[in-house]
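In: Sequence and predicted model, in that order:
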Amino acid sequence: MTTLINLDDVPVLERQHARVGLFKSQSLLNGPEGSPDNFFLQLSHTFADFESPRHRHNFDQIRIQLKGVADFARDGVMRPGTIGYFPEGVFYGPQSIDGESSTLVLQLGGASGDGYISEARFQEGVQALKSTGTFAKGVYSRVDASGKKINQDAYEAVWESIHQTELHYRKSEYPAPVFMDPQTFEAQIDPWAQQSMGVLRKSLGVFSQRKLAIGILLVDSGSAFKLQPHSFGFVLKGDGEFQGRAFKQHATFQSDDSPESLQAHSSVEMIEIHLPPRAPTP
């Protein structure tokens, strides 16, 4: 079954986070808590007071810049239309925002199998650690038994507190985040399209041992199309219909192993993120 979420139906909430500055978000999709395949898809809204230190994660992250400019220092700048893949284990940043920024962010368990902590569980972990230390500018600080001040990345500190073990980062196949400009990729006939009529695809890349694939679908007005199985779709432009429901610009889709057809009413441009099911452990 395919899920459809129109952005207009999702409230904008201001929420606490481990970094500096005002942070608002629209929560779109969540994965299974405690699973190595857990994920969180959100539209995040940050502002000029946002700061994030150079850090890394034990999960994969994909960012699609929709509005404003996000500066990642030595790693590059994301402008509207830029898609970034941030592999687990790879340092990036520091990050700053020029004015106001809106970014679609998918955080998901990577090849390491460490999974991803749900937002609710993370916030519980933050509150628990506040009893023994403080959070400031993306860093958790505490004083040990000898009186020595210990600084640690905020997410790392929360993860270790929840799991009661040291976080070991998987070595990535990539030395740095990968930034992509879809305008530089050639569109080709989409093999998943019905009769390959009116649907083109830009394949941007396949990443890590998870074989995470990122692409752009370009659909003519009036054409039918499908997402690949086990994929996320986000409508960058256009509108259409799915099972009698209208979808609009910035609608989100999630397909399972049997995706149904979508109908474009106007020309549609959609990002597709395909995540194959994890191979069984031998």
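Out: On my side now, so go ahead. Residues are numbered from 1 along each chain as shown.

In: Which neighbouring elements make contact with the longest strand along the chain?
Out: Using DSSP state E, we find that the single longest strand of the chain is strand 95-108. Helices and strands touching strand 95-108, by 3 or more C-beta pairs under 8 Å, 6 or more residues apart in numbering; DSSP states H and E, are strand 39-47, strand 51-52, strand 60-71. The C-beta positions use only the backbone N, C-alpha and C, and glycine is treated the same way.

In: Could you pull up the residues touching the residue nearest the centre of the chain?
Out: Against the mean C-alpha coordinate of the chain, by C-alpha atoms, centre = their mean, the closest residue is L106 at 1.4 Å. Going by C-beta atoms under 8 Å, 6 or more residues apart in numbering, L106 touches 39-41, 61-63, 232, 273.

In: Try it again at 6 Å.
Out: Going by C-beta atoms under 6 Å, 6 or more residues apart in numbering, L106 touches 41, 62.

In: Also the one 5 residues further on?
Out: With contact taken as C-beta under 6 Å, 6+ apart, A111 is in contact with 208-210.

In: give me that answer again for 7 Å
Out: Going by C-beta atoms under 7 Å, 6 or more residues apart in numbering, A111 touches 170, 208-210.

In: Need these in a markdown table (columns: secondary structure and distance to K130).
Out: A markdown table is the format used below for those (DSSP: H, G, I helix; E, B strand; the rest coil; distance: C-beta to C-beta, whole Å):
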| residue | secondary structure | distance to K130 |
| --- | --- | --- |
| R170 | coil | 29 |
| S208 | coil | 34 |
| Q209 | coil | 36 |
| R210 | coil | 34 |
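
In: quick one: low-confidence parts of the stretch 151-282 of the chain?
Out: For the stretch 151-282 of the chain, the stretches flagged by pLDDT under 70 are 192-196, 280-282.

In: still on that earlier bit, so which of the contacts of A111 wins on neighbours?
Out: Most neighbours among the contacts of A111, by other C-beta atoms under 10 Å: R210, with 20 neighbours.

In: So that residue sits against G110, correct?
Out: Yes. Assessed by C-beta atoms under 7 Å, R210 is found in contact with G110 at 6.3 Å.

In: can you pull the contacts of P276?
Out: Per C-beta under 7 Å, 6+ apart, neighbours of P276: 211, 230.

In: Mind doing that once more with 6 Å?
Out: So P276 contacts K211 (C-beta under 6 Å, 6+ apart).

In: Tell me the one among the contacts of A111 nearest to G84.
Out: S208 (14.3 Å; C-beta to C-beta).

In: sec struct for the closest residue to the closest one other than its chain neighbours, please.
Out: Leaving out its chain neighbours, the residue that sits closest to S208 by C-beta to C-beta, 6 or more residues apart in numbering is A111, at 5.1 Å. Taking DSSP: H, G, I helix; E, B strand; the rest coil as the rule, one finds A111 in the coil state.

In: Repeat that for R74.
Out: Assignment for R74 (three-state DSSP): helix.

In: what about it, how many neighbours?
Out: The number of residues packed near R74 is 10, by other C-beta under 10 Å.

In: what pairs with the host helix or strand of F232, and is each one parallel or antiparallel?
Out: Element membership for F232 (DSSP states H and E) is strand 231-237. For strand 231-237, the pairing partners within the sheet under DSSP bridges are strand 252-254 (antiparallel), strand 268-274 (antiparallel).
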